[in-house]
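S.K.: I need the structure of the sequence given here:
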Amino acid sequence: MHSLRKIDLNTLVTLKVLLDEKHVTHAAEQLNLTQSAVSRTLAKLRDQFDDPLLVKSGKHLARTAKAERLYEPLTQILNQIESLIEPEAFNPETATGTIRIATTDYGTHTLLPRLTPVLTQTAPGIRLIAVDWRSNLLTELEENNVDLIIGGAKQPPPDIFQKILASDDFVCVIRKDHPKKEHFSFGDYLSLKHVVISPSGEGKSTVDILLAKQGYERQVAVKVPHFFAALEIIANTDFVILLPRHFVRRYVDSARFTTVEAPFDIPGFEISMFWHARMHQDPLHKWFRGFVNTEIYEKRSRRASSDRDLLP
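M.R.: A predicted model of the protein is given here:
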């Protein structure tokens, strides 16, 4: 490193062209420099290497023995430096690597069966690992324990990137023969017991906070981390649950359950993709994010305009 500080690495580019052309004027043309500028650089190089490097041989210049020894390693070094600073090319057909995706059981159930076939066809060397949704996922993203989060979340910290993929709203779900299936008022909603999806089992949900601001409180009887487990509880009790409308449309059996519009205004929510700034320009990660958005969410969104089957 001490020796490198003594030399302008740009002069090595000039040296390479001079050794290629063996002609100062031709080298100047290649470098888009004046002949005098190239001559001055050659003089510096001769001093740095303590060798004339190029000498007259008849009407032409010839490489010295030292220049011949320098030529191959110089070419390799400059090629390596060029590869280092050029953008990394990404070819999905030959790429290898692993992407760790964190999402809910609902997200895993909807995303992976659709993503895996098209990913295997396009990028067979990419391996997926699905991680359960947890309350500290943004921290795990920062600590490099997961690569990508797909789901709903609050505004992320500055070092976390976010891309909105889809939007959804909530609908109430009760069992098919529920006593309140014919009439479901706000009072009914508050009097019934509720099942809540909660990855950590702690804290208040957005709906509970909304009700509290209006001076109301619902009876949360069970908190579970998984959507499909919650449905089985609903099927065997008179409890009620709020679920994403598109989840209900795709996965809730109308022979077993009844859906009811919420008897009060509940804001919709967004499904987003989250990743750490560390991976923002990584070629594999960047390609994969675009692939998921294009192949899964954008295609499903276009179909949703006609069949109302948007993947959350």
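
S.K.: ok, which stretches of this protein are strands?
M.R.: 54-57, 60-63, 97-103, 126-132, 148-151, 160-168, 170-175, 193-197, 219-224, 240-244, 257-260, 269-276 (DSSP state E).

S.K.: which residues are in contact with the fourth one?
M.R.: For strand 126-132, the surrounding residues in contact (Cβ atoms under 8 Å, 6 or more residues apart in numbering) are 92, 95-105, 108, 112, 115-116, 119, 146, 199, 225, 284, 288. Every C-beta, even on glycine, is put in place using the N, C-alpha and C of the backbone.

S.K.: same thing but 7 Å
M.R.: Outside strand 126-132, the residues that touch it by Cβ atoms under 7 Å, 6 or more residues apart in numbering are 95, 97-103, 108, 112, 116, 119, 146.

S.K.: Which of those are buried? Put it as a PyMOL command.
M.R.: The command below creates a PyMOL selection of those among the contacts of strand 126-132 that count as buried (16 or more other Cβ atoms under 10 Å):
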select buried, resi 95+99+100+101+102+103+108+119+146
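
S.K.: of the contacts of strand 126-132, the lowest pLDDT goes to which?
M.R.: By pLDDT, Thr108 ranks lowest within those, coming in at 85.

S.K.: which outside residues touch stretch 72-81?
M.R.: Identification of contacts with stretch 72-81 by Cβ under 7 Å, 6+ apart yields 12-13, 15-16.

S.K.: cutoff 6 Å now
M.R.: Residues outside stretch 72-81 that contact it (Cβ atoms under 6 Å, 6 or more residues apart in numbering): Lys16.

S.K.: what about Thr139, distance to Gly268?
M.R.: 26 Å (Cβ to Cβ, to the nearest Å).

S.K.: for Pro52, same thing?
M.R.: Distance, Pro52 to Gly268, by Cβ to Cβ: 76 Å.

S.K.: Look at these two and report which has more neighbours.
M.R.: Neighbours around Pro52 and Gly268, counted as other Cβ atoms under 10 Å, are more numerous at Pro52. The numbers are 15 against 10.

S.K.: which ones are touching Glu21?
M.R.: Listed by Cβ under 6 Å, 6+ apart, the contact set of Glu21 reads Ala27.

S.K.: ditto for Arg114
M.R.: Arg114 neighbours (Cβ under 6 Å, 6+ apart): Ile296.

S.K.: In PDB, list the C-alpha atoms belonging to the top helix by length along the chain.
M.R.: In the chain, assigned by DSSP state H, the helix with the most residues is helix 65-85. Output in PDB follows, covering the C-alpha atoms of helix 65-85 (Å, rounded to 0.1, in the frame of the first residue of the first chain):
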ATOM      1  CA  ALA A  65      12.600  -6.900 -21.400                       C
ATOM      2  CA  LYS A  66      11.100  -5.400 -18.200                       C
ATOM      3  CA  ALA A  67       8.100  -4.100 -20.200                       C
ATOM      4  CA  GLU A  68       7.500  -7.600 -21.500                       C
ATOM      5  CA  ARG A  69       7.500  -8.900 -17.900                       C
ATOM      6  CA  LEU A  70       5.100  -6.200 -16.800                       C
ATOM      7  CA  TYR A  71       2.600  -6.700 -19.700                       C
ATOM      8  CA  GLU A  72       0.700  -9.800 -18.600                       C
ATOM      9  CA  PRO A  73       0.300  -8.900 -14.900                       C
ATOM     10  CA  LEU A  74      -0.500  -5.300 -15.800                       C
ATOM     11  CA  THR A  75      -3.300  -6.500 -18.200                       C
ATOM     12  CA  GLN A  76      -4.700  -8.900 -15.500                       C
ATOM     13  CA  ILE A  77      -4.600  -6.200 -12.800                       C
ATOM     14  CA  LEU A  78      -6.400  -3.600 -15.000                       C
ATOM     15  CA  ASN A  79      -9.000  -6.200 -16.000                       C
ATOM     16  CA  GLN A  80      -9.600  -7.000 -12.300                       C
ATOM     17  CA  ILE A  81     -10.000  -3.300 -11.400                       C
ATOM     18  CA  GLU A  82     -12.400  -2.800 -14.300                       C
ATOM     19  CA  SER A  83     -14.500  -5.800 -13.100                       C
ATOM     20  CA  LEU A  84     -14.400  -4.400  -9.600                       C
ATOM     21  CA  ILE A  85     -15.900  -1.000 -10.500                       C
END
